[in-house]
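> sequence first, predicted model second:
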Amino acid sequence: MVCRAVSLILDGALDSGSEAELGARLGISARHLRRLFTTHLGVTPDGLARSARVHFARRLLDDTDLTITEIAFAAGFGSLRQFNRACREIFREPPRILRARRRKRDRLIADGGLLLRLPFQGPLDWEALLAYFAARAIPGVEQVSGDTYRRTIVVAGDAGVLELCPGGDEHLLLRAHLPHWEELVHVVQRARRIASLDFDLGEPTSHLGHDATIVSLDFPPDLAALREILC
């Protein structure tokens with residue numbers, strides 16, 4: 001359902017329509033549609049449509065010589081002011097600065113990415129996970145810097161980057177730098193698997209958290225993260 005909705009949004013379903021109309025096409029209410037998007041993608045349908053427009057505009061800034069005003073309307077914005085505001089929100093810079101930097105080779109990292117929430121249930125020891133990732137990072141593919149885990153991915157043959165960092169007691173933040181968004185739902189699921197967010201720790205914690213043998217074990221440094229997860 002969410003994959004179908006994303007496909008329709010990328011095809012422009014919300015450029016001239018509403019979330020209620022999109023929900024009706026899918027046979028569900030707008031409220032249920034928003035709930036599905038929040039659960040699986042961490043963003044509302046309108047939020048995804050807005051981000052899609054500004055990322056499309058970014059490609060036009062990089063790849064064409066259209067004026068900024070022409071790009072604003074070509075990407076579906078109602079005014080130049082809306083376009084400027086969206087660029088500052090997503091990319092943290094106005095369109096004129098983005099265009100000035102369009103030849104940079106590191107644009108994929110510098111573009112601000114699409115920010116999504118990845119909710120989870122129960123405790124999550126992010127510091128222990130970071131230590132685990134850092135000890136096993138694949139050179140040129142994975143990197144741990146501060147409180148952020150970063151890795152490169154391939155989406156339909158093109159390179160992308162995922163960044164995971166703490167967001168709150170019940171969610172991580174995913175910043176996805178993607179070449180295109182058709183695989184967005186599956187990319188989010190890949191990110192969730194990286195941090196094992198769908199693995200229920202409640203039962204093993206209840207059984208093993210008070211086990212005297214596990215608690216007393218002197219784990220070697222490379223298994224310290226495992227001990228933290230178990231205990």
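Arrived safely. Just so you know, these numbers come straight off a predicted model, no measurement behind them.

> so where's the chain shaky on pLDDT?
63, 102-112, 182, 200-203, 205, 209, 214-231 (pLDDT under 70).

> for it, what spans make up the strands?
Ranges of strands within the chain are 114-119, 142-145, 148-155, 158-168, 171-177, based on DSSP state E.

> just put those in JSON lines and tack on distance to residue 20 and mean neighbour count.
Every C-beta, even on glycine, is put in place using the N, C-alpha and C of the backbone. JSON lines is the format used below for the strands of the chain (distance: least, CB to CB, whole Å; neighbours: other CB atoms under 10 Å):
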{"stretch": "strand 114-119", "distance to residue 20": "23", "mean neighbour count": "19"}
{"stretch": "strand 142-145", "distance to residue 20": "42", "mean neighbour count": "15"}
{"stretch": "strand 148-155", "distance to residue 20": "31", "mean neighbour count": "17"}
{"stretch": "strand 158-168", "distance to residue 20": "29", "mean neighbour count": "16"}
{"stretch": "strand 171-177", "distance to residue 20": "27", "mean neighbour count": "20"}
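
> same list (those) but as CSV, adding distance to residue 208.
Below are the strands of the chain laid out as CSV (distance: least, CB to CB, whole Å):
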stretch, distance to residue 208
strand 114-119, 25
strand 142-145, 26
strand 148-155, 25
strand 158-168, 25
strand 171-177, 24
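
> out of these, nearest to residue 189?
Nearest of these to residue 189, taken as CB to CB: strand 114-119 at 10.0 Å.

> buried set for the lengthiest helix in the chain?
Longest helix in the chain, counting residues (DSSP state H): helix 45-63. Of all the residues in helix 45-63, those buried under the rule 16 or more other CB atoms under 10 Å are 45-58, 60-61.

> wait, residue 159 touches residue 151, no?
No. Look at residue 159 against residue 151 with CB atoms under 8 Å: they stay out of range, at 11.3 Å.

> okay, now residue 18: neighbour count?
By other CB atoms under 10 Å, the residues close to residue 18 number 13.

> relative to residue 44, how far out is it?
Shown here: residue 18 relative to residue 44, a distance of 12 Å by CB to CB, to the nearest Å.

> restricting to C-alpha, output stretch 175-190 in CSV.
Taking Å, rounded to 0.1, in the frame of the first residue of the first chain, the C-alpha atoms of stretch 175-190 are listed here in CSV:
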residue,chain,number,x,y,z
ARG,A,175,19.1,11.2,6.8
ALA,A,176,18.9,9.6,3.3
HIS,A,177,20.9,11.0,0.4
LEU,A,178,19.3,9.1,-2.5
PRO,A,179,19.8,9.4,-6.3
HIS,A,180,16.1,8.7,-6.8
TRP,A,181,13.2,7.8,-4.5
GLU,A,182,11.4,4.9,-6.2
GLU,A,183,12.9,2.5,-3.7
LEU,A,184,12.4,4.7,-0.6
VAL,A,185,10.2,2.3,1.3
HIS,A,186,12.8,-0.5,0.9
VAL,A,187,15.7,1.8,1.7
VAL,A,188,14.0,2.7,5.0
GLN,A,189,13.6,-1.0,5.8
ARG,A,190,17.3,-1.5,5.1
